[in-house]
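S.K.: Give the three-dimensional model of this entry:
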Amino acid sequence: MCKTSVLLAALAFFNIISVIAQPSVDQSQIDRFVDRHAMIYKVSTDEIRSILAKAELKADIIEKMERPAEKRMTWERYRKIFITEERIAAGVEFWKEHETTLVNVSYQTGVPIHIILGIIGVETYFGRIKGSYNVLDALYTLSFAFPRRSKYFQSELDEFLALSRKENLDLYTTKGSYAGAMGYCQFMPSSYRAYAKSYDEGGTKDLVNSPEDAIASVANYLKVHGWKKGEAVAFIAENSEAKLSTKQSLKPKQTIAYYKNLGFEPSYSINEQTKATLQKMEIETGDEYWFGLQNFYVITRYNHSHLYALAVYQLAEAIKENRG
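M.R.: Below is the predicted model of the structure:
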């Protein structure tokens, strides 16, 4: 066989594999979803079918869900993405621009200004990176072509359709992440409906275009999930040669005294009976260990990752320090 024939045969083979690997939607699930949503929310099935008919299946979303970048990252790499001079400077400018809102919201909720900024800074670079996927396409794809989590994403699709009716979101142009999170604070639709706040009482809750509403909503989310006003978030374990043999829960379950007995010394003066978690952070020169308190755990309710919580905390501290 000539080289050209071999090449054509190989290309044909890979094209076949590509076609086979392409995801497809489960039409029976779509039918059940339409009937259920119409019944619960008192809308016509024709309306819902018309909406879903305009959604597009996005194969790259499935690929990203199967291989999330965060699960392959060390703390060293994660930190370099979010704790940069540029992002810190953007946080200081955002603080100056929205200082009145931040002061008012912080006073009302007990959540510090710099922590609110840490969340928005990590989530969307203070509104610069809100996501490039149509939320409808993302939720449609994950609801009907990603069986492993279809139940969860169908629930989020329910919420998004209801949200669009309540908050006048455009179903076809609202952008977000590949998982369907949207706005300055990257709320999933269920969180949007449950925790979003309007900074101006009685107004719409616009987390896509209003930084004021986003600030109020981030603080409300943390407050509802148990933020402890005036308490610490996290601190490093100093000069420790000790090692943890098992991964620790994000929720503080052991006392500081328990970890001290294992050889981990806190760098912060604190009652030894205080509950904490201890999280290992991989860096180029070895491992760091960080104590996380209740407020650290609250940040992980936003994103269930110890890397995320520490990035939010360190970005927040850096912004506060640079703000002066």
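S.K.: who touches Ser132 in this structure?
M.R.: Ser132 sits next to Lys175 when contact means CB atoms under 8 Å, 6 or more residues apart in numbering. (Glycine included, C-beta is placed from N, CA and C.)
S.K.: hang on, I meant Asp200
M.R.: Contacts of Asp200 by CB under 8 Å, 6+ apart are Glu212.
S.K.: Is it correct that it falls within a strand?
M.R.: No - under the criterion used here (DSSP: H, G, I helix; E, B strand; the rest coil), Asp200 is coil, not part of a strand.
S.K.: okay, it: pLDDT?
M.R.: Asp200 carries a pLDDT value of 90.
S.K.: and if you look at Ile48?
M.R.: Looking at Ile48, its pLDDT reads 97.
S.K.: residues in contact with the closest residue to Asn220 other than its chain neighbours?
M.R.: Using CB to CB, 6 or more residues apart in numbering and skipping residues adjacent in sequence, the residue nearest Asn220 is Lys197, 4.7 Å away. With contact taken as CB under 8 Å, 6+ apart, Lys197 is in contact with Lys205, Asp213, Ala216, Ser217, Ala219, Asn220.
S.K.: what do you get for Tyr133?
M.R.: By CB under 8 Å, 6+ apart, Tyr133 lies in contact with Lys58, Ile61, Lys175, Gly176, Ser177, Tyr178, Gly180.
S.K.: Pairing partners for it in the sheet, please.
M.R.: Under DSSP bridges, the beta-bridge partners of Tyr133 are Gly176.
S.K.: Looking at the contacts of Tyr133, which is nearest Glu85?
M.R.: Ser177 (25.1 Å; CB to CB).
S.K.: For stretch 266-286, list every residue counted as buried.
M.R.: Pro266, Thr274, Ala276, Thr277, Leu278, Gln279, Met281 (16 or more other CB atoms under 10 Å).
S.K.: Could you pull up the residues touching the last one?
M.R.: When contacts are counted by CB under 8 Å, 6+ apart, Met281 is found next to Trp75, Asp287, Glu288, Tyr289, Trp290, His306, Leu307, Leu310.
S.K.: Just give the number of residues close to the fifth one.
M.R.: When you say that, I think you mean Trp290. 24 (other CB atoms under 10 Å).
S.K.: Same check on the third one?
M.R.: Per other CB under 10 Å, the neighbour tally for Glu288 reads 16.
S.K.: In three-state terms, label it for me.
M.R.: Secondary structure assignment for Glu288 (three-state DSSP): strand.
S.K.: doesn't Gln279 make contact with it?
M.R.: No - Glu288 sits out of contact with Gln279 when judged by CB atoms under 8 Å, with a separation of 9.0 Å.
S.K.: dump the residue contacts of the residue lying closest to Lys58 once chain neighbours are set aside.
M.R.: With CB to CB, 6+ apart as the measure, Thr141 is the residue that lies nearest to Lys58, at 4.9 Å, once sequence neighbours are left out. Listed by CB under 8 Å, 6+ apart, the contact set of Thr141 reads Pro23, Ala55, Glu56, Leu57, Lys58, Ile61, Ile62.
S.K.: Just list the residues touching the third one, thanks.
M.R.: By CB under 8 Å, 6+ apart, the residues touching Glu56 are Asn134, Asp137, Tyr140, Thr141.
S.K.: Among those residues, which pair sits farthest apart?
M.R.: Asn134 and Thr141 (10.1 Å).
S.K.: Give me the common contacts of those two.
M.R.: Joint contacts of Asn134 and Thr141 (CB under 8 Å, 6+ apart) are Ala55, Glu56.
S.K.: quick one: low-confidence parts of the protein?
M.R.: Along the chain, the parts satisfying pLDDT under 70 run over 1-22, 69-71.
S.K.: how does it look with 50?
M.R.: Across the chain, the ranges flagged by pLDDT under 50 are 1-20.
S.K.: ranges for the strands of this structure?
M.R.: 133-134, 175-176, 234-238, 254-255, 265-266, 275-283, 286-292 (DSSP state E).
S.K.: Could you tell me which of the contacts of Glu56 belong to helices?
M.R.: With DSSP state H as the criterion, helices contain Asp137, Tyr140, Thr141 from among these.
S.K.: want to throw those into TSV with distance to Arg67?
M.R.: Below are the ones in helices among the contacts of Glu56 laid out as TSV (distance: CB to CB, whole Å):
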residue	distance to Arg67
Asp137	19
Tyr140	21
Thr141	15
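S.K.: just to revisit the earlier point, and which of the contacts of Tyr133 is nearest Glu167?
M.R.: Looking across those and measuring by CB to CB, the closest to Glu167 is Gly176, at 14.0 Å.
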